[in-house]
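Chemist: what follows is a predicted protein model with its sequence.
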Amino acid sequence: MAGPLALVGGDELNPGNEAQDALLAAAAGGGPAYVVATAAARHRPELAVAHAHEWFARFDLEVVELPVRNRTQAHSRETADLAGNGRFFYLVGGDPGIVPDVLRDSPVWLAIVSAWRSGAALAGSSAGAMAMGQWALIRGRYPGDRRRRYRDALGLVPGIAVLPHYATFGREWVTSALEGRPSDDVVLLGIDERTAAVWSDDAWRVMGDGEVAIVTTTGERSFRSGESLDLPSPVSS
């Protein structure tokens, strides 16, 4: 049976995330636990790794880096073997475009997914969460451009595109995301910071301090902690 999957809206590894992170840490069962700093590869990834190590220590979980900062590392058989035995994986935030480019169809990503399908915990925050959907929304043309365009992501959760930091700036992406959608069936999943859409026990629900919004062409619905979400099931087979 697949383990829990958490899509976090950002500001990860900080107070306010305890509910979802305690669930993830418990699912690890003390087994090998990894932070995946792919999205932060251009932005001092060692800081993200150190932060994750410090944060999860409060849940009695020792987290170390799974080194997949580039495509060469993602094809390392040694790293894939480590991932295959992992019981916890956390993809931190950063650059939303780099994660699918590095991980897609790589031996390391396939090993992570296999471990998750066998019960390991898997989470992504901000850019890490965006990578889990069918599409990632990346910058339209130039730095500062608020418009977003679609790029194929890792596809673990079909039919969705994640809009992290929804209450702060992610909501600004909705118009361009709806106008440029590659399919009429696209579901936009807006997730506030320190908040998660969590798949556990064959159901989606909200955890954390803020709200999760489901946005389609017919409108927007918002959900708070403890409420169920009508979303596609992750690809677990």
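Modeler: On my side now, so go ahead.
Chemist: contacts, neighbours, all on C-alpha from now
Modeler: Fine.
Chemist: assign G93 to helix, strand or coil.
Modeler: Assigned with DSSP: H, G, I helix; E, B strand; the rest coil, G93 falls in the coil class.
Chemist: contact partners of the least confident helix or strand in the chain by mean pLDDT?
Modeler: The least trusted helix or strand in the chain, going by mean pLDDT, DSSP states H and E, turns out to be strand 148-152, with a mean of 88. With contacts defined as Cα atoms under 8 Å, 6 or more residues apart in numbering, strand 148-152 is touched by 97, 100, 134-140, 173, 176-177, 180-182.
Chemist: show the subsequent helix or strand relative to that strand.
Modeler: Next helix or strand after strand 148-152 toward the C-terminus (DSSP states H and E): strand 157-163.
Chemist: and the helix or strand that that following strand is followed by, what's buried?
Modeler: Sequence-wise, the next helix or strand downstream of strand 157-163 (DSSP H and E) is helix 174-179. Neighbour counts over helix 174-179 (16 or more other Cα atoms under 10 Å) mark V174, S176, A177, L178 as buried.
Chemist: in helices, which of the contacts of strand 148-152 fall?
Modeler: When DSSP state H is applied, those are split such that P100, S176, A177 fall in helices.
Chemist: do you know how far the spatially closest residue to the last one that is not a sequence neighbour is from G9?
Modeler: Nearest residue to A177, sequence neighbours excluded (Cα to Cα, 6 or more residues apart in numbering): R148, at 6.2 Å. Computed with Cα to Cα, to the nearest Å, the distance linking R148 and G9 is 17 Å.
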